[in-house]
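>>> need a 3D model of the following:
(one chain, ligands or ions: 1)
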Amino acid sequence: MPNSPRAAPPPATPPSTPNRPYRGRFAPSPSGPLHLGSLIAAVASYLDARSNRGIWLVRMDDLDPPREVPGAAHSILDSLSQHGLHWDEDVLWQSQRGEAYQRALQQLQAQTFNCDCSRKALAATGVCQRDCRSRQGEVTTPAAIRMTVPRDGVIGFDDTLQGSQHIALGQTSADFLIHRKDGLYAYQLAVVVDDAHQGITHIVRGSDLLDTTARQIFLQQALDYPTPIYSHVPVITNSAGQKFSKQHHATALADRDAVPNLRSALKFLCQPRPPAQLASPAELLQFAVQNWAPRAIPSAMAIVAGRDST
Ligand SMILES: [Zn+2]
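Residues are numbered from 1 along each chain as shown. Take a look at the predicted model:
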């Protein structure tokens, strides 16, 4: 069948990328200022890149204008700088990448379909409720567009911190959305297109994004992109188990407290404690790069704030 979906590969470790120079990235969404949870993810990806003599990039995931807080993007960039987390190359803004996402949609056409299920029909499960899939390959916009996922599709990958992962994608993310009816591209598609565009080899990020990885690998395979190496660090939660996030009103970091903020992030990541006399972000980060110990990071998915991790 000319338009049949590619059979899902058996669980396997994605190919490593030994021949590509290390390129990592931190990709915040501008829905609020930098908080401790996002600083931890930024520090982990920065230290991993720098200790591997790699390039470290910042990308602004400003794909969803209604969720943006005015001024947040520049506030985040300013805070990163104040914390000594200086990036290489220009910041990539997802809001300016529409043409690239459109090209990827066209490339995926044979494996996608328009879904015109009503919001009401989708409300219960989010899964396509009609026979929209029978129109695979006949994609038009504007419309909600879904990726055809074989029902028995399984994605496997080795996370350097969370271990071997096997996700029954056909069950957990059946025919997931890659383009919304309102014209916005789905996060999964944008991330995959941009990671490939930027030649990202290593993705170090919070474990709250672990469950998006299978969809992203599925798209990488469909688009013939290489799969990066993934490391998902634990996320910090409050005592109720809620992730520190803008949605839960996590406190913005004070840039004047950059040194204690960095010390807190390093402590959370169970890294060697920098000597007390190191008094600037640059000195702290230099020490942390030289002593980076990814194996010391707990393999837990979440850690409650305030728990003594040393
Ligand atoms: Zn549908």
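>>> for the ion, give me its nearest residue in the stretch 201-310 of the chain.
Arg215 (17.5 Å; CB to the ion). (Each C-beta comes from the backbone N, C-alpha and C, glycine too.)
>>> element containing that residue?
Arg215 is part of helix 213-222, with elements assigned from DSSP states H and E.
>>> residues in contact with the residue of the stretch 151-300 of the chain at minimum distance from the ion?
The ion sits closest to Asp175 of the stretch 151-300 of the chain, with a gap of 8.0 Å, by CB to the ion. By CB atoms under 8 Å, 6 or more residues apart in numbering, the contact list for Asp175 reads 113, 115, 127-128, 133, 146-149.
>>> let's see 6 Å
128, 146, 149 (CB atoms under 6 Å, 6 or more residues apart in numbering).
>>> could you report the neighbour count for the closest residue to the residue of the stretch 201-310 of the chain closest to the ion other than its chain neighbours?
Spatial nearest neighbour of Arg215, chain neighbours left out: Gln188 (4.7 Å); criterion: CB to CB, 6 or more residues apart in numbering. Neighbours of Gln188 under the rule other CB atoms under 10 Å: 20.
>>> now do stretch 176-186, average pLDDT.
Summarised as a single mean, pLDDT over stretch 176-186 is 92.
>>> need the residues that contact that stretch.
101, 142, 144-147, 189, 215.
>>> give me that answer again for 7 Å
63-64, 101, 105, 112, 142-147, 149, 188-189, 215 (CB atoms under 7 Å, 6 or more residues apart in numbering).
>>> what does stretch 187-201 give?
Counting by CB under 7 Å, 6+ apart, 17, 20, 22-25, 57, 59, 63, 92, 94, 97, 100-101, 104, 176, 178, 212, 215-216, 219-220, 223, 225, 228-229 sit against stretch 187-201.
>>> so the residue of the stretch 201-310 of the chain closest to the ion sits against Ser173, correct?
Yes: between Arg215 and Ser173 there is a contact under CB atoms under 7 Å: 5.3 Å.
>>> which one's more surrounded, these two?
Taking other CB under 10 Å, Arg215 and Ser173 do not tie; Arg215 has more neighbours (25 against 22).
>>> per-residue confidence at that one?
pLDDT at Arg215 comes out at 97.
>>> enumerate every residue touching it.
169, 173, 176, 188.
>>> which of the residues you listed fall in helices?
Residues of those located in helices (DSSP state H): 169, 188.
>>> ok, so of the contacts of Arg215, who is nearest Gly153?
Leu169 (4.5 Å; CB to CB).
>>> okay, the longest helix seen in the chain in CSV with CA atoms only?
Scanning the chain for the helix with the most residues, using DSSP H, yields helix 36-51. Only the C-alpha atoms of helix 36-51 are listed here, as CSV (Å, rounded to 0.1, in the frame of the first residue of the first chain):
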residue,chain,number,x,y,z
LEU,A,36,14.1,27.1,40.4
GLY,A,37,12.6,24.2,38.5
SER,A,38,13.6,25.7,35.1
LEU,A,39,17.0,26.8,36.5
ILE,A,40,17.8,23.2,37.5
ALA,A,41,17.0,22.0,34.0
ALA,A,42,19.1,24.8,32.4
VAL,A,43,22.1,24.1,34.7
ALA,A,44,22.0,20.4,34.1
SER,A,45,22.0,20.8,30.3
TYR,A,46,24.6,23.6,30.5
LEU,A,47,27.0,21.5,32.6
ASP,A,48,26.6,18.4,30.5
ALA,A,49,27.4,20.4,27.4
ARG,A,50,30.3,22.3,28.7
SER,A,51,31.9,19.3,30.4
